[in-house]
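Trainee: Prediction below, plus the sequence it came from.
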Amino acid sequence: MDYKIAVIKGDGIGPEIIDEAIKVLDKTGKKYGHNFQYMEALAGGAAIDEKGTPLPEETLNILRTSDALLFGAVGGPKWDNLPGNERPEQGLLKLRKELCLYANLRPAVIFDELKDSCPLRPDLVEGGLDILIIRELTGGIYFGKKYTEKDKAADTMEYSKYEIERIAHVGFLAAQKRNKRLTSIDKANVLETSRLWRKTFEETAVEYPSVQLNHMYIDNAAMQLVANPKQFDVIATENMFGDILSDEAAMITGSIGLLPSASLGKNYGMYEPIHGSAPDIAGKKKANPIAAILSAAMMLKYSFALQEESENIESAVKNALSKGYRTADIAKKEDRIISTVEMGDTIAELI
């Protein structure tokens, strides 16, 4: 089977980790008889340097002819002094909006092999941890009206009922396939958007009688995620709250370099590690490629319906970790640290 994959390596460590994800995809394709065709495109700082804009039109044209997008990371200090609407991150936001990628799925899983890396007390994560955070991705304060006037600035949080309904369905459907518990995170005691959010989730819950819906304020959720993380199964929340909570959940697992994500629309998906461009370690062969590799596995599952192939990659990652292979971010003092390329080679060999 042939698949066309758009590839945006981006900035910082993006090219390094995406190269390893492609290496693992190629090994998987060879094993199962698939042909993955890669179409490279520019976004972020690399696009600014070459094209003068964080998201060139030719990039969007490439994406529209592809089956899915594998994405690295964007941003870095080189572009920090640009106006807000010209910075690399604006390319990513526009990309999500243009492709209608409204549902961001971020699994937070503790690997048994890395349970000692979890910063929480062992009893709080006894038996493992598996949380799925679903973040609404194209609405809220990141996409609302903005302005700056001398010593005053404003960002507007807006949500329509339609935007909330569609992410609610994603949350309920995911919970149905897991442990049938959905926690909706909001700030309904203060925000009008959160009151609409809670009301809409309550109305949608009628269609999913097998799923237990629970509501929680964002400040309490941030506390509960470290005080009692195992109470959560599926979390659904708005854009900014999800951005923050998913990074918090990542650190509970031991390293932000381990966690993948899928950004899904009606007919298209973008797959990227949740970490940033990490310019401080770019080019030093220290970056952990596991999140990018697991993002590729999510692509096989959600965009191409290749469940077995996806699970094979996940198993290869777990196997590499069980054999003691570690990049610097997940290594203990006594561990031998391997490079980005060595980790990619190891996982590819275990496919």
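Mentor: Good, I have the coordinates.
Trainee: Report the secondary structure state of the residue nearest to residue 187 when sequence neighbours are not counted.
Mentor: If you skip the residues right next to it in sequence, residue 187 has residue 194 as its closest partner in space, 4.6 Å away by CB to CB, 6 or more residues apart in numbering. C-beta coordinates here come from the backbone N, C-alpha and C atoms, glycine included. Counting by DSSP: H, G, I helix; E, B strand; the rest coil, the backbone at residue 194 sits in helix.
Trainee: And for residue 194, the neighbour number?
Mentor: 23 (other CB atoms under 10 Å).
Trainee: Was I right to think it contacts residue 186?
Mentor: Yes. At 3.7 Å, residue 194 counts as touching residue 186 under the criterion of CB atoms under 8 Å.
Trainee: who touches both of these two?
Mentor: Overlap of the contact sets of residue 194 and residue 186 (by CB atoms under 8 Å, 6 or more residues apart in numbering) consists of residue 238.
Trainee: what's the spacing between the residue nearest to residue 160 when sequence neighbours are not counted and residue 238?
Mentor: Counting by CB to CB, 6+ apart, residue 139 is the residue found nearest to residue 160 once chain neighbours are left out, at 7.5 Å. According to CB to CB, to the nearest Å, residue 139 and residue 238 sit 7 Å apart.
Trainee: One more: residue 155?
Mentor: Residue 155 is 13 Å from residue 238, by CB to CB.
Trainee: The two: who's more crowded?
Mentor: Neighbour totals were compared for residue 155 and residue 238, and residue 238 leads with 28 against 14 (other CB under 10 Å).
Trainee: where does the more buried one fall, phi/psi-wise?
Mentor: For residue 238, the backbone dihedrals (degrees, to the nearest 10) come out as phi -80, psi 180.
Trainee: ok, it - contacts?
Mentor: Contacts for residue 238 were tallied using CB under 8 Å, 6+ apart; they are 135-136, 139-140, 157, 159, 185-186, 193-194, 197.
Trainee: Point out the ones among those residues that are inside helices.
Mentor: Among these, the members found in helices (DSSP state H) are 193-194, 197.
Trainee: surely the residue nearest to residue 160 meets residue 161?
Mentor: No. The pair residue 139 and residue 161 does not pass the contact test of CB under 8 Å, sitting 11.2 Å apart.
Trainee: Excluding chain neighbours, what is closest to residue 116?
Mentor: Per CB to CB, 6+ apart, closest to residue 116 is residue 332, 7.6 Å.
Trainee: quick one, phi psi at that neighbour?
Mentor: Main-chain torsions, residue 332, degrees, to the nearest 10: phi -90, psi 170.
Trainee: burial measure for it, as a count.
Mentor: Neighbour number of residue 332 under other CB under 10 Å is 9.
Trainee: All further residue positions should be reported with the first residue as 51.
Mentor: OK, 51 is where the count begins now, so the last one is residue 382.
Trainee: Please report how far it lies from residue 151.
Mentor: Relative to residue 151, and taking CB to CB, residue 382 is found at 37 Å.
Trainee: what do you get for residue 87?
Mentor: Distance, residue 87 to residue 151, by CB to CB: 21 Å.
Trainee: Neighbour count: the two, which is higher?
Mentor: Comparing residue 87 with residue 151 by neighbour count (other CB under 10 Å), the higher total belongs to residue 151, at 20 against 11.
Trainee: show me what contacts the more buried one?
Mentor: 145, 187-188, 313-315, 318-320.
Trainee: mind redoing it with 10 Å?
Mentor: Applying CB atoms under 10 Å, 6 or more residues apart in numbering to residue 151 gives the contacts 119, 145, 187-188, 312-316, 318-320.
Trainee: With distance to residue 282 and neighbour count added, can I get those in a markdown table?
Mentor: Output for the contacts of residue 151, formatted as a markdown table (distance: CB to CB, whole Å; neighbours: other CB atoms under 10 Å):
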| residue | distance to residue 282 | neighbour count |
| --- | --- | --- |
| 119 | 28 | 26 |
| 145 | 29 | 24 |
| 187 | 20 | 27 |
| 188 | 24 | 21 |
| 312 | 19 | 22 |
| 313 | 21 | 25 |
| 314 | 21 | 24 |
| 315 | 25 | 16 |
| 316 | 27 | 10 |
| 318 | 28 | 18 |
| 319 | 24 | 22 |
| 320 | 25 | 26 |
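Trainee: which parts of the helix or strand hosting residue 215 are buried?
Mentor: Taking DSSP states H and E as the definition, one finds residue 215 inside helix 211-227. Judged by neighbour count (16 or more other CB atoms under 10 Å), helix 211-227 contains these buried residues: 213-214, 216-218, 220-222, 224-225.
Trainee: now swap in stretch 155-165 and tell me
Mentor: 155-161, 163-165.
Trainee: Then stretch 190-203?
Mentor: 190-193.
Trainee: Quick check: which of these has the minimum pLDDT.
Mentor: Among the buried residues of stretch 190-203, residue 193 has the lowest pLDDT, at 87.
Trainee: show me what contacts that one?
Mentor: Contact analysis of residue 193 by CB under 10 Å, 6+ apart lists 143-144, 146-147, 187, 205-209, 213, 289.
Trainee: can you tell me how far it sits from residue 58?
Mentor: 20 Å.
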